[in-house]
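Asker: Got a predicted structure plus its sequence, pasted below:
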Number of protein chains: 2
Amino acid sequence: MIRKIDRTERRSDALSRERIIAAAIEILDTGGEGALTVRALAAHLATGSGAIYWHVVDKNELLAAAADAVIARVMSDVAGGAKPREAIRAVAIGVFDAIDAHPWVGAQLFREPGRPATLDIIEGIGRQLRVLGVAKVAQFDTVSALVHYILGVAGQNAANARLVAPGTDRSAFLSSVAAQWTALDPARYPFVRQMASQLRDHDDRAQFLAGVDLILAGIDSAR
Amino acid sequence: MIRKIDRTERRSDALSRERIIAAAIEILDTGGEGALTVRALAAHLATGSGAIYWHVVDKNELLAAAADAVIARVMSDVAGGAKPREAIRAVAIGVFDAIDAHPWVGAQLFREPGRPATLDIIEGIGRQLRVLGVAKVAQFDTVSALVHYILGVAGQNAANARLVAPGTDRSAFLSSVAAQWTALDPARYPFVRQMASQLRDHDDRAQFLAGVDLILAGIDSAR
DNA sequence: CAATCTATTGGAACAGCGTTCCATTCATGT
DNA sequence: ACATGAATGGAACGCTGTTCCAATAGATTG
């Protein structure tokens, strides 16, 4: 807690929690979740594992801190004072885009609820619900629905990102999934098969927003 | 593919993919996700790891198959021909309860999209949307919203289940989380702090259904 | 300036994991 | 009775997160 207060730093290349988190984010972004090992991190920082563990308690904590950092940046970016509906859409899209850019954040948000990242999202959306005039008794259920939806898409997107072979492009991937869907048993999966054609050229981001709008419409109709 | 066709089984205690999956489910239910190791599984089945890998390609595949088995049972249970709204609620609640009983399924559903388990859920809900009269162009977005919401709650519930120390009961856990929320900075988290009191004695299942109803209301208003 | 002392470092060592390998066993078809 | 190939079980491999600890660096003290 009182570390480093009024003390000139020891050397310019000194380790610090911040530098470690930044390095972790870089590795995660470059190589995905699997690439973040303590050894890789140590090599990246030109140090040993013991030095890292002096600044960071756990690999879990490190991942959580990295995700918190990414989400905190997003939430401060969208803080502007737009109309409540637009503000909610902005928060949602901000989280969506952040996870699109850093799929590991999606998996992490999921694994550890109740952390700053999740709280920031709840807060950002909840405030707007008050402005929107959602009844007090309904606010908790409503924010819960929106946040769970956002996190659901987040996690699923992250999982998909993990599935796509690094080389292949998006439309090739979608086509192959659509082909699989089409090959399903027509008796058992009539609906899924019918969706296959729409899957091929749908836009994840637009579909995500359509879901947000659907929930917002539900909120309106309940008022 | 043609294994074991018209062949008497070799011995009564023979291994099989099915027995391995059943044992895995038992271990997962008893000890949680962390308890399923290949060694533990081998010990449970009184065999070696090599024998297991003869029947199962991967630990991932094993987990996926276990989750598929649990979800398939749920989906066949709720297959009944109720009215579409009720059928959708039944599917949702079925998945919710299954994940409440087997938290590891929640995590797994999440990690590997496009597997039978997820397809079953999409199919089960999608069919009802057609019956409900959702416009063809909107069906994909709508089923996506519902499924992502369900999976979002699923994953989050699973994560929470992992957080609750095995001994503690639910209300004690909720109280402690509520206390943490109350202790947050009032300037930064006014909304979250206000939710704390509702958190303490809310019902996850009811809240989940409220979310489903919110989305259903959104669907209605768009028709 | 020399001595001391503590915060920090880097790498060796440990236990446990998923997976592979392979000599051995078993039930069958000839 | 023999040969064959499916099935077994356990040793071994490479990797992981984490702990431990002797060595160091830089501020503080005498």
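Answerer: Yep, it's here.
Asker: Pretty sure residue A:134 sits against residue A:220.
Answerer: No: using CB atoms under 8 Å, residue A:134 makes no contact with residue A:220, being 9.8 Å away. No exception for glycine: its C-beta is placed from N, CA and C like everyone else's.
Asker: Of those two, which one has the most company?
Answerer: It is residue A:134, of residue A:134 and residue A:220, that has more neighbours when counted by other CB atoms under 10 Å in any protein chain shown, with 21 against 15.
Asker: before we move on, what SS does the more buried one have?
Answerer: Of the three states, residue A:134 takes coil under DSSP: H, G, I helix; E, B strand; the rest coil.
Asker: What's the separation between residue A:37 and DNA strand C?
Answerer: Between residue A:37 and DNA strand C the distance, using CB to the nearest atom of the strand, to the nearest Å, works out to 11 Å.
Asker: Could you show which parts of chain A are in contact with DNA strand C?
Answerer: A:3-4, A:10, A:14-15, A:45-51, A:53-55 (CB under 7 Å from any atom of the strand).
Asker: element containing the residue of chain A found nearest DNA strand C, please.
Answerer: Residue nearest to DNA strand C within chain A: residue A:50 (1.8 Å; CB to the nearest atom of the strand). For residue A:50, the enclosing helix or strand under DSSP states H and E is helix A:49-55.
Asker: List the buried residues for whichever helix or strand residue A:174 is part of?
Answerer: Assigning secondary structure by DSSP H and E places residue A:174 in helix A:170-182. By neighbour count on 16 or more other CB atoms under 10 Å in any protein chain shown, the buried set for helix A:170-182 is A:174, A:177-178, A:181-182.
Asker: ok, now stretch A:206-223?
Answerer: Those buried within stretch A:206-223 under the rule 16+ other CB under 10 Å are A:207-219, A:222.
Asker: residues in contact with that stretch?
Answerer: Contacts to stretch A:206-223, defined as CB atoms under 8 Å, 6 or more residues apart in numbering or on different chains, come from residues A:85, A:88-89, A:92-93, A:96, A:129, A:132-135, A:138, A:142, A:145-146, A:149-150, A:153, B:140-142, B:144-145, B:148-149, B:213-222.
Asker: In helices only, show me these.
Answerer: Per DSSP state H, helices hold the following members of the contacts of stretch A:206-223: A:85, A:88-89, A:92-93, A:96, A:129, A:132, A:138, A:142, A:145-146, A:149-150, A:153, B:140-142, B:144-145, B:148-149, B:213-221.
Asker: near DNA strand D too, which of the residues you listed?
Answerer: Of the ones in helices among the contacts of stretch A:206-223, not one also sits near DNA strand D (CB under 7 Å from any atom of the strand).
Asker: Restrict these to the buried ones and give me that as a PyMOL selection.
Answerer: Command for PyMOL, covering only those of the ones in helices among the contacts of stretch A:206-223 found buried under the criterion 16+ other CB under 10 Å:
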select buried, (chain A and resi 85+88+89+92+93+96+129+132+138+142+145+146+149+150+153) or (chain B and resi 140+141+142+144+145+148+149+213+214+215+216+217+218+219)
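Asker: State the pLDDT value of residue A:12.
Answerer: At residue A:12, the predicted lDDT confidence score is 55.
Asker: now residue A:65
Answerer: So residue A:65 comes in at 97 (pLDDT).
Asker: ok, now how distant is it from residue B:163?
Answerer: 17 Å (CB to CB, to the nearest Å).
Asker: between those two, which one's more packed in?
Answerer: Legend: neighbour count by other CB under 10 Å for residue A:65 and residue B:163, higher for residue A:65 (21 against 14).
Asker: right, and that one touches residue A:18 too?
Answerer: No: using CB under 8 Å, residue A:65 is not in contact with residue A:18; the gap is 9.5 Å.
Asker: pLDDT wise, what is residue A:87 at?
Answerer: pLDDT, residue A:87: 94.
Asker: Now it. Nearest residue, chain neighbours left out?
Answerer: The shortest distance from residue A:87 to any non-neighbouring residue, by CB to CB, 6 or more residues apart in numbering or on different chains, is to residue A:128 (4.7 Å).
Asker: The one you found contacts residue A:89, doesn't it?
Answerer: No: counting by CB under 8 Å, residue A:128 does not reach residue A:89; the two are 9.6 Å apart.
Asker: Send over stretch A:49-66 as CSV, restricted to the C-alpha atoms.
Answerer: What follows is stretch A:49-66, C-alpha atoms only, in CSV (Å, rounded to 0.1, in the frame of the first residue of the first chain):
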residue,chain,number,x,y,z
SER,A,49,9.2,-15.8,-12.9
GLY,A,50,10.0,-15.0,-9.3
ALA,A,51,10.3,-11.3,-10.1
ILE,A,52,6.9,-11.3,-11.6
TYR,A,53,5.3,-13.1,-8.6
TRP,A,54,6.7,-10.4,-6.4
HIS,A,55,4.5,-7.8,-8.1
VAL,A,56,1.5,-10.0,-8.9
VAL,A,57,-0.1,-12.6,-6.7
ASP,A,58,-1.5,-14.9,-9.3
LYS,A,59,-1.9,-15.5,-13.0
ASN,A,60,-5.7,-15.2,-12.4
GLU,A,61,-5.3,-11.8,-10.9
LEU,A,62,-3.0,-10.8,-13.7
LEU,A,63,-5.6,-11.7,-16.3
ALA,A,64,-8.4,-10.0,-14.4
ALA,A,65,-6.3,-6.9,-14.0
ALA,A,66,-5.6,-6.9,-17.7
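Asker: can you pull the buried residues of that stretch?
Answerer: For stretch A:49-66, the neighbour count (16+ other CB under 10 Å) marks A:52, A:56, A:62-66 as buried.
Asker: Tell me the spacing between residue A:109 and residue A:208.
Answerer: Note on residue A:109: its distance to residue A:208, by CB to CB, is 15 Å.
Asker: re the thing from before, quick one: contacts of the helix holding residue A:50?
Answerer: Residues outside helix A:49-55 that contact it (CB under 8 Å, 6+ apart) are A:15-17, A:20, A:38-39, A:41-42, A:45.
Asker: Please state the offset of that helix from the chain centre?
Answerer: Computed by CA atoms, centre = their mean, to the nearest Å, the chain-centroid distance of helix A:49-55 equals 27 Å.
Asker: which is the next helix or strand following that helix?
Answerer: Tracing the chain C-terminally past helix A:49-55 and defining elements by DSSP H and E, one meets helix A:59-77 next.
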